[in-house]
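In: Need coordinates for the following:
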Amino acid sequence: MTSKRYLAELFLCLVVYCVLLSLFIFLFTQHKLHGLWQPAAALLPMIPGCAFCWVVIREFRRIDELQRKIQFDALVFSFTGTALLTFSYGFLEVVGFPSLSLFVVWPVMALLWNIGIVWAKRHYQ
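Out: Numbers count the residues shown, from 1 in each chain. Okay, the predicted model is just below:
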């Protein structure tokens, strides 16, 4: 069962991410950033991204053993499925398919993680 505290912490990370992403977009479009300011501004949204990782890891440590097994199975499915899909598409790019941004990888992994959770829950019932 997902705790309210966990959801509140994730929501806070998401809000801070949106604020810093908006700040980055504003700085990038309205101001001429030079030198090291460009990558520093581009990485601003990753500050709450790191907090997001910390929140998820803490929640994994709180859940019971069965939930941990379900999440592990789902993550293995997600990791290996994402590897197969990204490598396959990488080879297709060699023969002329359009290049995709790395921003596509995480949504694929998240989708496969959710599919893996459904599959793992059925397995342990």
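
In: what about the most centrally placed residue in the chain, which helix or strand?
Out: When CA atoms, centre = their mean is applied to the chain, the residue found nearest the centroid is residue 106 (5.1 Å). Assigned by DSSP states H and E, residue 106 belongs to helix 105-123.

In: so what does that helix touch, helix or strand wise?
Out: Helices and strands touching helix 105-123, by 3 or more CB pairs under 8 Å, 6 or more residues apart in numbering; DSSP states H and E, are helix 65-94. Yep, even glycine has a C-beta here, placed from its N, CA and C like the rest.

In: How far does the helix it packs on sit from its chain's centre?
Out: Centroid separation for helix 65-94 versus its chain: 13 Å, with CA atoms, centre = their mean, to the nearest Å.

In: could you give the angle of that helix to helix 105-123?
Out: Inter-element angle recorded for helix 65-94 and helix 105-123: 140 degrees (by axes from the mean of the first three to the mean of the last three CA atoms, to 10 degrees).

In: Tell me the buried residues in helix 65-94?
Out: By 16 or more other CB atoms under 10 Å, the buried positions in helix 65-94 come out as 67, 70, 71, 73, 74, 75, 77, 78, 81, 82, 86, 89.
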